[in-house]
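In: Pasting a predicted model and its sequence here:
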Amino acid sequence: MNPNTKYKIMHDYVMLFPTAKPKTTAAGIILKEQIDSTAPIEGFVVGVGPGRPDKKGDIQPMPVKAGDKVIFIGNAGKVVKHDGDVFIVVPVSEILCTINAPD
């Protein structure tokens, strides 16, 4: 992933870089690949949009920021390929939680 590439994300969308799943166990046992598009996936936030306006027109702040590690719903977003990298763009509502987030 090119750290110099800047993305402008729209509305309440979040661009995520999914982390690779291990293909072997710690003991070296090869795992059979299972495809479950509804399973939660871990990833890092690459960028976030400004948020959506509420009924008064005020922009609601986003609960995540670039660099956060998150768990999101696997089939929630759209796959985006750019410069050899694969990203997933999801609505912020499809992010289930952050990992090791400060209180």
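Out: Arrived safely, thanks for sending.

In: Helices along this structure, start to end?
Out: With helices called from DSSP state H, the chain shows none.

In: Name the helix or strand of it that has the lowest mean pLDDT.
Out: strand 78-82 (a mean of 85; mean pLDDT, DSSP states H and E).

In: For Ile73, which non-adjacent residue is spatially closest?
Out: Glu94 (4.8 Å; CB to CB, 6 or more residues apart in numbering). Every residue, glycine included, has its C-beta placed from N, CA and C.

In: residues contacting the residue most central in space within the chain?
Out: In the chain, the centroid-proximal residue (CA atoms, centre = their mean) is Leu16; its distance is 3.0 Å. Counting by CB atoms under 8 Å, 6 or more residues apart in numbering, Leu16 touches Gly43, Phe44, Val45, Val46, Val70, Phe72, Gly77, Phe87, Ile88, Val89, Val90.

In: 6 Å - rerun?
Out: Gly43, Ile88 (CB atoms under 6 Å, 6 or more residues apart in numbering).

In: which ones are touching the residue nearest to Ile73?
Out: Glu94 neighbours (CB under 6 Å, 6+ apart): Phe72, Ile73, Ala76.

In: Scan these and report the most crowded one.
Out: Most neighbours among these, by other CB atoms under 10 Å: Phe72, with 24 neighbours.

In: Which strand residues bridge that one?
Out: Ile41, Ile95 (DSSP bridges).

In: Check it and give its pLDDT.
Out: Listed pLDDT for Phe72 reads 89.

In: okay but it is in contact with Ile95, surely?
Out: Yes - the pair Phe72 / Ile95 is scored as a contact, 4.8 Å apart, by CB atoms under 6 Å.

In: ok so, going back, alpha carbons only: can I get the least confident helix or strand of the chain in CSV?
Out: Provided in CSV are the C-alpha atoms of strand 78-82 (Å, rounded to 0.1, in the frame of the first residue of the first chain):
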residue,chain,number,x,y,z
LYS,A,78,-17.7,-2.7,-2.2
VAL,A,79,-14.3,-4.0,-3.3
VAL,A,80,-12.0,-1.3,-4.7
LYS,A,81,-8.7,-2.2,-6.4
HIS,A,82,-6.1,0.5,-6.8
